[in-house]
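> Okay, here's the prediction I keep looking at, along with the sequence it came from:
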Amino acid sequence: MPGQVTTTEGTLARPDGVVLAYEDSGGDPARTIVLTHGFTVTLRMWDPTVEALVAEGWRVVTWDVRGHGPTVTPLRPELFTLDHVVGDLVALLDHLGLERVVLGGLSFGGFLALCTWAAAPGRIRALVLADTGPGFRNPTARQGWNETAGQRADAIAAGGIDAVRSGEATGGAGIEGQLGLDRHASFEALALAARGFLAQQDSRAMDVLDGVSVPTLVLVGALDEPFLRASDVMAARIPGAELVTIPDAGHLANLDQPAAFQAALLSFLARL
């Protein structure tokens, strides 16, 4: 449970004025996994997973993406792009002296992992893609996604934390306390993030699937209907990818069914 693993809290100042917040359990750089949270939630969503990984000797780094949690992001729309977020992640690896890591993420965090593979494959020794998808190649489908992202941004700008709490990604009141929603410093920044990098401008993640050349684990909750097909697509197209469906889990599979999620993840890591 949160609080049982001792981690070091840190910050990383970026040249554009963003100050990233992160947590690092410490340990062997060669046994490091970096995990990125989903959209509108924070690094707190990984606490049970961090505990299980640290118990098995893994060093775990989690962080709050720009616009999220206590990460400081100037309210300038041009700072909220996918390229900026990928750059943040690579800069964090540099800051911590991590040459190659297992890179994982859930929902937006998994999409970001694929985009980081596209930009810096040499920094990644394995991928963990949970309750996520590779985006869209079809312009019409992408436009539909982006319209939804814009509506979400409008709702967050108008409703703040109440709008975030009402989103499907929060998983309901039962697990809301595990998401760290009270960490968000600025809902205006979160709305800009939705308009900026939640919206998709290209098909980079989809385009890279066939070229992924590291061990890859695809995890999806059996009840996470919007991402079941996307998970099948990723598992089919990424050479040698392993697909694990977590029974009785929704979009936040690591919190809905932590034991099953952790067992699948640790089994994969043990075979690296």
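Sure thing, it's come through. This one's a predicted model, so the numbers in the text were calculated from it and none came from an experiment. Numbers count the residues shown, from 1 in each chain.

> ok, longest helix in the protein?
helix 139-159 (DSSP state H).

> need the strands for the stretch 101-250 of the chain, in chain order.
Taking DSSP state E, counting those that start in this stretch as the test, the strands found in the stretch 101-250 of the chain are 101-106, 124-130, 216-221, 242-246.

> Dump those strands to TSV, plus mean pLDDT and mean neighbour count.
Placement of C-beta: from N, CA and C, glycine included. Shown next, in TSV, are the strands of the stretch 101-250 of the chain (pLDDT from 0 to 100; neighbours: other C-beta atoms under 10 Å):
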stretch	mean pLDDT	mean neighbour count
strand 101-106	98	27
strand 124-130	98	24
strand 216-221	98	26
strand 242-246	98	18
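
> Could you export the ones you listed as TSV, including distance to residue 143?
Below are the strands of the stretch 101-250 of the chain laid out as TSV (distance: least, C-beta to C-beta, whole Å):
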stretch	distance to residue 143
strand 101-106	24
strand 124-130	24
strand 216-221	25
strand 242-246	29
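
> For residue 257, find the nearest of those strands.
strand 242-246 (5.1 Å; C-beta to C-beta).

> strand partners of that closest one, parallel vs antiparallel please.
strand 216-221 (parallel) (DSSP bridges).

> Show residues contacting the strand it pairs with.
126-131, 227-228, 231, 234-235, 238, 240-246, 248-253, 256-257, 261, 264-265, 268 (C-beta atoms under 8 Å, 6 or more residues apart in numbering).

> how distant is it from the center of its chain?
Put simply, strand 216-221 sits 13 Å off its chain's centre (C-alpha atoms, centre = their mean, to the nearest Å).

> Please apply the same query to stretch 115-126.
14 Å.

> go on, stretch 97-109?
Chain-centre distance of stretch 97-109: 8 Å, with C-alpha atoms, centre = their mean.

> so where is this protein shaky, pLDDT-wise?
1-4, 167-174 (pLDDT under 70).

> can you map out the helices along it?
Under DSSP H, the chain gives helices at 47-55, 82-95, 108-119, 139-159, 161-165, 173-176, 187-193, 204-208, 228-237, 253-256, 258-270.

> Would you enumerate the residues in contact with the nearest residue to residue 129 once chain neighbours are set aside?
Among residues not flanking residue 129 along the chain, residue 110 sits closest, at 4.1 Å (C-beta to C-beta, 6 or more residues apart in numbering). Taking C-beta under 8 Å, 6+ apart, we find residue 110 in contact with 36, 104, 128, 129, 130, 131, 132, 133.

> Hmm, residue 20 is touching residue 71, no?
Yes. Between residue 20 and residue 71 there is a contact under C-beta atoms under 8 Å: 5.2 Å.

> okay, and the common contacts of these two?
With C-beta under 8 Å, 6+ apart, residue 20 and residue 71 have common neighbours 63, 64.

> Kindly export stretch 233-252 (C-alpha atoms) in PDB.
Taking C-alpha atoms only, stretch 233-252 is exported to PDB below (Å, rounded to 0.1, in the frame of the first residue of the first chain):
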ATOM      1  CA  VAL A 233      -3.600  -5.200 -32.700                       C
ATOM      2  CA  MET A 234      -0.500  -4.400 -30.700                       C
ATOM      3  CA  ALA A 235       0.100  -8.000 -29.700                       C
ATOM      4  CA  ALA A 236      -0.300  -9.200 -33.300                       C
ATOM      5  CA  ARG A 237       1.900  -6.600 -34.900                       C
ATOM      6  CA  ILE A 238       4.800  -6.300 -32.400                       C
ATOM      7  CA  PRO A 239       7.100  -9.200 -33.100                       C
ATOM      8  CA  GLY A 240       7.000 -11.700 -30.200                       C
ATOM      9  CA  ALA A 241       4.700  -9.600 -28.000                       C
ATOM     10  CA  GLU A 242       3.000 -11.300 -25.100                       C
ATOM     11  CA  LEU A 243      -0.700 -10.500 -24.400                       C
ATOM     12  CA  VAL A 244      -2.200 -11.000 -21.000                       C
ATOM     13  CA  THR A 245      -5.800 -10.200 -20.200                       C
ATOM     14  CA  ILE A 246      -6.500  -9.500 -16.600                       C
ATOM     15  CA  PRO A 247      -9.900 -11.000 -15.500                       C
ATOM     16  CA  ASP A 248     -12.500  -8.700 -13.800                       C
ATOM     17  CA  ALA A 249     -10.400  -5.600 -14.400                       C
ATOM     18  CA  GLY A 250     -11.400  -2.400 -16.200                       C
ATOM     19  CA  HIS A 251      -9.200   0.400 -17.500                       C
ATOM     20  CA  LEU A 252      -7.000   0.700 -14.400                       C
END
